[in-house]
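> for reference, the sequence and a predicted model appear below.
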Amino acid sequence: MAYRARMHDDQIALQLYTVRREAASDLAGTLDAVARAGYRHVEVAGLPDLPAATLAGQFAAAGLSVVAAHEGIDVLRADADGVIERMATIGSPRLVVPWMPDADRATADDVRRFAAELNALAQRAKAAGLRFAYHNHSFEFAELDGTTIWDVLLTESSPDVDLEIDVYWAAGGGRDPVELIRSATGRVKTLHMKDRGPGPAFADAPAGEGTLDFPAIVQAGRAAGVEWYIAEQDDATSPLEDIATALRYLRSLAA
């Protein structure tokens, strides 16, 4: 079936985890390089541990706006108010939990308790004017007590918990990213757009350089209410070149 993808150019962002190694040695230079590549919006993760005000100044100097930021559940458990304050300082409208610890997914009941915790955190974020989301990897789609972690999360978490679907990891877990996006219509506000290379290792690749059907993914995202299409790679070979490659391709899918 032929798809005609439509998204807007200003809905494309970069997950800064992609350039974490460069940022570790030269944050200002890396952010400038991201802007020179053509990005105007970023999602925060993997950056040096700097005061929020310092990061905010670096983003402003590079002309970059923050559309979301990742924060681990352990940090939220220790100081949710501090995390929420940090989001406000760096100008992030979204707070994303990027991982579920092993101890929280040993059984389906553990996952239900985790979902209840996400619900409570989402309410705290909402009270502060923030959106709240959970980001998948591949383990969420493995069988667990006759169901899957993903299905428990989808059922037990409230509509205030958005879902940031990583299409690479969804495919790695045996799910069709297009069908996964469709099944969560209204709750998927951000997508991680990294491709899966050919071969048994399935190394990640810039969007458009691998095997995933990104025109169909964008079409499904548009229908589902996705607001941001976020380029990312976990292990880019040449990060600054790869982010430019991904942006050129994603722009080719934009209206």
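Noted; the coordinates are in hand.

> which parts of the chain are strands?
Assignment of strands within the chain using DSSP state E yields the ranges 12-15, 41-44, 65-70, 94-97, 131-135, 143-144, 147-148, 161-166, 188-196, 204-206, 228-231.

> so what does the first one touch, helix or strand wise?
So that's strand 12-15. Using 3 or more Cβ pairs under 8 Å, 6 or more residues apart in numbering; DSSP states H and E, the elements in contact with strand 12-15 are strand 41-44, strand 228-231, helix 239-252. C-beta here means a position set from N, CA and C on the backbone, and glycine is covered the same way.

> go through these and name the closest to residue 16.
Distances from residue 16 to each of the helices and strands packed on strand 12-15 were compared using Cβ to Cβ; the shortest belongs to strand 41-44, at 5.3 Å.

> okay, buried residues for that closest one please.
Neighbour-count burial for strand 41-44 flags 41-44 (criterion: 16 or more other Cβ atoms under 10 Å).

> among these, which one sits closest to residue 149?
The nearest one, if we look at those relative to residue 149 and count by Cβ to Cβ, is residue 43, at 22.7 Å.

> pretty sure that closest one is in contact with residue 13, am I right?
Yes: counting by Cβ atoms under 8 Å, a contact exists between residue 43 and residue 13, whose distance comes to 5.7 Å.

> so what sits against both of the two?
Here residue 43 and residue 13 share the contacting residues 67-68, 228, 230, scored by Cβ atoms under 8 Å, 6 or more residues apart in numbering.

> which other residues reach stretch 31-44?
Under the contact criterion Cβ under 8 Å, 6+ apart, stretch 31-44 has outside partners 10, 12-16, 19, 22-23, 55, 58-59, 61-70, 90, 92, 96, 190, 228, 230, 232, 240, 243-244, 247, 251.

> make a PyMOL selection of the buried ones in these.
A single PyMOL command selects the buried members of the contacts of stretch 31-44 (16+ other Cβ under 10 Å):
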select buried, resi 12+13+14+15+16+19+22+23+55+58+59+62+64+66+67+68+69+70+90+92+96+190+228+230+232+243+244+247
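
> quick one: contacts for residue 115?
152-153, 156-157, 161.

> and the residue lying closest to it once chain neighbours are set aside, what does it touch?
By the measure of Cβ to Cβ, 6 or more residues apart in numbering, the closest residue to residue 115 outside its immediate chain neighbours is residue 156, 3.7 Å from it. Contact analysis of residue 156 by Cβ under 8 Å, 6+ apart lists 111-112, 115-116, 119.

> so which of those residues comes closest to residue 100?
The closest of the contacts of residue 156, once distances to residue 100 are taken by Cβ to Cβ, is residue 111, at 7.7 Å.

> give me every residue that touches the closest residue to the closest one other than its chain neighbours.
Using Cβ to Cβ, 6+ apart and skipping the chain neighbours, the partner closest in space to residue 111 is residue 152 (4.4 Å). Shown here is residue 152, whose contacts under the criterion Cβ under 8 Å, 6+ apart are 108, 111-112, 115, 144.

> quick one: which two of the residues you listed are the most distant?
For these, the maximum inter-member distance is 13.1 Å, found between 115 and 144 (Cβ to Cβ).

> pull out the buried positions in the longest helix seen in the chain.
Ordering each helix of the chain by length in residues (DSSP state H) puts helix 108-127 first. By neighbour count on 16+ other Cβ under 10 Å, the buried set for helix 108-127 is 108, 110-111, 114-115, 117-119, 121-122, 124-125.

> okay if I get the residues you listed as CSV plus pLDDT and distance to residue 29?
Rendered in CSV, the data for these read as follows (pLDDT from 0 to 100; distance: Cβ to Cβ, whole Å):
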residue, pLDDT, distance to residue 29
108, 98, 47
110, 98, 43
111, 98, 41
114, 98, 38
115, 98, 41
117, 98, 38
118, 98, 36
119, 98, 41
121, 98, 34
122, 98, 36
124, 98, 36
125, 98, 32
